[in-house]
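Asker: Generate a structure from the sequence data that follows.
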Amino acid sequence: MNQIIISTLAKMCIEEPTHWYKYVSQLQRVINSTYQRSINTSPFELLTGTQLRLKEDLKILEYLEEEHRKEFIEKRDSLRKEAKVQILKIQEENRKTFNKKRKEGQKYSEGDIVAIQRTQFGNALKLRQKFFGPYKVVKLLGKDRYEVEKIDRGKEGPIKTTTGVDYMKRWP
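Answerer: As a prediction, the model looks like this:
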């Protein structure tokens, strides 16, 4: 509150900075007649039961609102910076944990026989096999992605598809 009072007094006595004390009573009157969220009314209304508003106090009220706005923006920016630091910290922790468990994917070459994992499950598919196959690796796409083609077309599964190394295993 002192920070707001000092900056408001400084704005009020711009022409005569050494005579700041002339404006203290005006500022106190405006602060006492301003709504306070903690008490859900103004201090003056809490004390007397009526509201106090004077036309000459509008400029001071404007200064106070400007200071409240500045304080709000600074606090919000500070909270955002702290949140960003915290997010980056948690992301780094998650990355370390993930990388501990991650292993390098198996490499396949054209012509290898593989099984591909079923990725869609519905009520009727829960008890079905988890892998389709056999499939033949037709093309290497890069970034651990492969194009595969079904060898036995009588079996379940897509005829031709692309899949990632995480969803493949060697055909037994």
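Asker: Please count neighbours and contacts with C-alpha atoms only from this point.
Answerer: Fine.
Asker: for the helix or strand where Ser25 lies, which positions count as buried?
Answerer: If you go by DSSP states H and E, Ser25 is part of helix 24-32. Judged by neighbour count (16 or more other C-alpha atoms under 10 Å), helix 24-32 contains these buried residues: 27, 29-32.
Asker: For the residue lying farthest from the centre of the chain, give me the pLDDT.
Answerer: Using C-alpha atoms, centre = their mean, the residue of the chain lying farthest from its centre is Gly154. It sits 49.1 Å away. We note a pLDDT of 71 for Gly154 in this prediction.
Asker: Relative to Gln117, how far out is it?
Answerer: 18 Å (C-alpha to C-alpha, to the nearest Å).
Asker: what's the model's confidence in the longest helix belonging to the chain, averaged?
Answerer: Secondary structure of the chain per DSSP state H: the longest helix is helix 58-101. Here helix 58-101 scores 86 as its mean pLDDT.
Asker: For the remainder of this discussion, apply numbering that starts at 387.
Answerer: Fine by me, first position is 387 from now on; the one you just mentioned is helix 444-487.
Asker: quick one: contacts of the helix or strand hosting Leu433?
Answerer: Leu433 is located in helix 429-434, with elements delineated by DSSP H and E. Helix 429-434 has contacts (C-alpha atoms under 8 Å, 6 or more residues apart in numbering) with 418-422, 436-438.
Asker: Looking at these, which one is closest to Phe518?
Answerer: Comparing the contacts of helix 429-434 against Phe518 with C-alpha to C-alpha places Gln422 closest, at 68.0 Å.
Asker: Now the closest one. Nearest residue, chain neighbours left out?
Answerer: Nearest residue to Gln422, sequence neighbours excluded (C-alpha to C-alpha, 6 or more residues apart in numbering): Ser428, at 5.4 Å.
Asker: Please apply the same query to Glu533.
Answerer: Thr548 (4.2 Å).
Asker: would the one you found count as being in a helix?
Answerer: No - with DSSP: H, G, I helix; E, B strand; the rest coil as the criterion, Thr548 is assigned strand and is not in a helix.
Asker: hang on, it packs against Asp530?
Answerer: No - using C-alpha atoms under 8 Å, Thr548 is not in contact with Asp530; the gap is 10.6 Å.
Asker: what are the bridge partners for Glu533, then?
Answerer: Beta-bridge partners for Glu533, by DSSP bridges, are Lys525, Thr548.
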